[in-house]
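# no sequence on this one, just coordinates:
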């Protein structure tokens, strides 16, 4: 399946960055407390980015479903599905 919106590319960038960050931390000569603060701050930063990407992908999936499946074909109340 072709990647039409680049989400696989973005996910690869995020994963590669995370792996590079972890390897950098493992081999960095920084003191333990300083490293812990850096790991925490970067972890929070990457967590927010992953959340943003997940939200974007979920929105794209919902839009695609809405385009492909008419609401009349969805059982139940179609306005409840978000």
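Done, it's in. All values derive from a computational prediction rather than experimental measurement.
# Could you pick out the longest helix of this structure?
Longest helix of the chain, by residue count under DSSP state H: helix 32-68.
# quick one: the most centrally placed residue in the chain from residue 70, how far?
In the chain, the residue lying closest to the centroid (CA atoms, centre = their mean) is residue 50, at 3.1 Å. Distance, residue 50 to residue 70, by CB to CB, to the nearest Å: 33 Å. From N, CA and C alone the C-beta is placed, and that goes for glycine too.
# I figured the residue nearest to the centre of the chain hits residue 14, correct?
Yes. Contact status for residue 50 versus residue 14: in contact at 6.5 Å, counting by CB atoms under 8 Å.
# For this structure, give me the ranges with low pLDDT.
1-5, 30, 71-82 (pLDDT under 70).
# quick one: buried residues of the longest helix of the chain?
For helix 32-68, burial by neighbour count (16 or more other CB atoms under 10 Å) applies to residue 42.
# tell me which strands and helices that helix is in contact with?
Counting contacts by 3 or more CB pairs under 8 Å, 6 or more residues apart in numbering; DSSP states H and E, helix 32-68 packs against helix 7-27.
# Distance from stretch 48-66 to the middle of the chain?
8 Å (CA atoms, centre = their mean, to the nearest Å).
# Against residue 18, how distant is residue 50?
In terms of CB to CB, residue 50 sits 9 Å off from residue 18.
# hmm, I was thinking of residue 52
To residue 18, residue 52 is 15 Å away according to CB to CB.
# Please apply the same query to residue 25.
Counting by CB to CB, the separation of residue 25 from residue 18 is 11 Å.
# swap in residue 38?
From residue 38 to residue 18 the distance is 14 Å (CB to CB).
# for residue 31, same thing?
23 Å.
# Show the contacting residues for residue 11.
Residue 11 makes contact with residue 53 under the criterion CB atoms under 8 Å, 6 or more residues apart in numbering.
# Kindly report the same for residue 10.
For residue 10, the contacting residues are residue 53, by CB under 8 Å, 6+ apart.
# can you tell me how far it sits from residue 28?
Residue 10 sits 26 Å away from residue 28, taking CB to CB as the criterion.
# now residue 68
Distance, residue 68 to residue 28, by CB to CB: 48 Å.
# Lovely, talk soon.
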